[in-house]
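Chemist: okay, predicted coordinates and the sequence, questions at the end:
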Amino acid sequence: MGTLIVGASVAGVRTAQALRMRGYTDSITLLGEERHSPYDKPPISKEMLALGAGAPVPLLSAEQLADLDVDLRLGARAIALDLSARSVETSDGEAFAFDDLVIATGVTPRMLPGSDGLAGVHTLRTAEDAEAVRTRLMIATDVVVIGAGFIGAEFAAAARSHGVRVSVVEPQPVPMAHVLGEEVGAELTRLHVLNGVTMYTGVGVDSLVGDEFVEGVKLTDGRTLRADLVVVGIGADPATGWLETSGLSLDNGVVCDEGLRVIGAERVYAAGDVARWPSPHAEGSVRIEHWTNANEHGALVAASIMGAEATPPPPPYVWSDQYGHRIQIVGRPSTGSLARAFGSVDTLPYAAIYTQPGGRIVGALVVDDPRMFMKCRKAVAAGALVDDLDLGIAAGT
Amino acid sequence: MTVKGEPSVALFRNMAGEFFATADSCTHELWSLGEDSDLEDNEVVCPLHMARFDIQSGKPLCFPATVALQTYAVEVDADGSVHVLLA
């Protein structure tokens, strides 16, 4: 029966690859809800929104996919897990038995209430989303982005490159402040302003306006923004609905141990955005929705299935591409506070270093300087002291 | 450092003073390993998505890299000049 992997995006595919690299010879079945062959997700809010963008970027070449020797089932949505029968049922009524099960179903983006049946309101998670939004961008004039997280910020940048008016609505007074602090959040917000985006911060969305097509966004302060395209980036929830009847332990994600083994279940694992686990880089358990995390989980789960020792994962890493600039973040800035800032978004590069009391570096953000970023990454990995960090430029604070 | 050309080559010198040469671009996505990457012992880390390779064998060491880097022999002359053998 072998291994059944539910979810054919980054975490699921990397798990299959890592199993084969470790010499796993049993069968591997990979269930993908989408009709596409496995593709990469980061381009959805970036390159795939550009004029003339084509098919999604494949995660594997045809040759790699063939060599992987997996039974890849596309359009197969898991609807239930029966732990006693050790089988997963899909929406078309098929049952897949397994010896080992890997849950890699990712997350589902949150939608605004009241957007049902209203055309022109989108989230960005799938290739279909990217295609729909790109098509809409060609005729839109007024775009409203709800949520100034990474997806919203990247979409705002992509939309500006289409020459449309772009407004961003964000309930926090300073976007990204909950993760990066106010000073750095404000600096990154200036990137949007410098690129012609109108920011509405510290204000929420009351409702969407329009009957069949969206026409506007009504804010909680009474203002209404004109809109013929709305993109919602207000976070995502783990896709665990299909596990609710399984008896697995769920708590904003599938609860796992340090080897991504699901707590309370035999030979069941979770990987990627859906997994909550005690990362060596965090206190308590966390669920991380980073692309790199999904890659690392694939390697970790495969090691657990094979009963092998895994290399501990490096510090968390995430990047974002906005207006031709690359923002790179390492570690967990939210667990520290801003200790040093270098440069600004007008005089790039820009860097921010986060420390815990005592000066140990726990996170860093760098815009447009990969070399400087790699120095910061090394310092985070080593738990170096901020006073020992030499980036070769003078600090602003 | 990167030696631009057809092909572009990344030339590394490790802490022991040994030279190694590989294809300049990461095999995961087009990005120069000779310019901004991090060298830890004989492992190079791509600054874009943190793919890691062994610079001696070219082997990928972690995701997202799954394809090996082309490696090239390096010769150091008595006068200290370094030659990368592309053939």
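Modeler: Sure, I can see it.
Chemist: for the stretch 251-397 of chain A, what spans make up the strands?
Modeler: Counting by DSSP state E, counting those that start in this stretch, the stretch 251-397 of chain A has strands at residues A:254-255, A:268-270, A:275-276, A:317-322, A:325-331, A:337-343, A:350-355, A:361-367.
Chemist: can I get the ones you listed in TSV with mean neighbour count, mean pLDDT and distance to A:Leu49?
Modeler: Placement of C-beta: from N, CA and C, glycine included. Compiled in TSV, the strands of the stretch 251-397 of chain A are given as follows (neighbours: other C-beta atoms under 10 Å in any protein chain shown; pLDDT from 0 to 100; distance: least, C-beta to C-beta, whole Å):
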stretch	mean neighbour count	mean pLDDT	distance to A:Leu49
strand A:254-255	24	98	31
strand A:268-270	28	98	30
strand A:275-276	26	98	28
strand A:317-322	20	96	11
strand A:325-331	23	97	16
strand A:337-343	19	95	28
strand A:350-355	26	97	24
strand A:361-367	27	97	21
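Chemist: okay, these in a markdown table with distance to A:Ser246 next?
Modeler: Conversion of those to a markdown table gives the following (distance: least, C-beta to C-beta, whole Å):
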| stretch | distance to A:Ser246 |
| --- | --- |
| strand A:254-255 | 10 |
| strand A:268-270 | 9 |
| strand A:275-276 | 15 |
| strand A:317-322 | 30 |
| strand A:325-331 | 34 |
| strand A:337-343 | 41 |
| strand A:350-355 | 39 |
| strand A:361-367 | 36 |
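Chemist: for A:Leu19, which three-state class applies?
Modeler: Put simply, A:Leu19 is helix when judged by DSSP: H, G, I helix; E, B strand; the rest coil.
Chemist: give me the pLDDT for it.
Modeler: Looking at A:Leu19, its pLDDT is 98.
Chemist: wait, isn't it in contact with A:Leu4?
Modeler: No: under the criterion of C-beta atoms under 8 Å, A:Leu19 makes no contact with A:Leu4, lying 11.8 Å away.
Chemist: what residues does chain B put near chain A?
Modeler: By the rule C-beta under 8 Å from any C-beta of the partner chain, the part of chain B lying against chain A is B:35-38, B:45, B:47-50, B:62-64, B:66.
Chemist: among those, which are in helices?
Modeler: B:Glu35, B:Asp36 (DSSP state H).
Chemist: in strands only, show me the residues of chain B next to chain A.
Modeler: Of the positions in the residues of chain B next to chain A, B:Asp38, B:Val45, B:Cys62 sit in strands, assigned by DSSP state E.
Chemist: kindly indicate which of the residues you listed lies nearest chain A.
Modeler: B:Asp38 (4.2 Å; C-beta to the nearest C-beta).
Chemist: element containing A:Val193?
Modeler: Assigned by DSSP states H and E, A:Val193 belongs to helix A:182-194.
Chemist: how far does that helix sit from its chain's centre?
Modeler: Distance of helix A:182-194 from the chain centroid (C-alpha atoms, centre = their mean, to the nearest Å) equals 21 Å.
Chemist: all the helices of chain B, in order from the start?
Modeler: All helices of chain B, identified by DSSP H, fall at B:33-36.
Chemist: do the same with chain A
Modeler: Going by DSSP H, chain A shows helices at A:10-21, A:62-68, A:127-137, A:150-160, A:177-180, A:182-194, A:291-306, A:370-382.
Chemist: just put those helices in a markdown table and tack on mean neighbour count and distance to chain B.
Modeler: Shown next, in a markdown table, are the helices of chain A (neighbours: other C-beta atoms under 10 Å in any protein chain shown; distance: least, C-beta to the nearest C-beta, whole Å):
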| stretch | mean neighbour count | distance to chain B |
| --- | --- | --- |
| helix A:10-21 | 26 | 5 |
| helix A:62-68 | 13 | 7 |
| helix A:127-137 | 18 | 18 |
| helix A:150-160 | 24 | 15 |
| helix A:177-180 | 18 | 19 |
| helix A:182-194 | 18 | 20 |
| helix A:291-306 | 25 | 4 |
| helix A:370-382 | 21 | 4 |
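Chemist: can you put these in CSV and add distance to A:Ser285?
Modeler: Formatted as CSV, the helices of chain A follow (distance: least, C-beta to C-beta, whole Å):
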stretch, distance to A:Ser285
helix A:10-21, 17
helix A:62-68, 31
helix A:127-137, 29
helix A:150-160, 22
helix A:177-180, 18
helix A:182-194, 26
helix A:291-306, 13
helix A:370-382, 20
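Chemist: buried residues in stretch A:99-113?
Modeler: Within stretch A:99-113, the residues that count as buried by 16 or more other C-beta atoms under 10 Å in any protein chain shown are A:Asp100, A:Leu101, A:Val102, A:Ile103, A:Ala104, A:Thr105, A:Gly106, A:Val107, A:Thr108, A:Pro109, A:Leu112.
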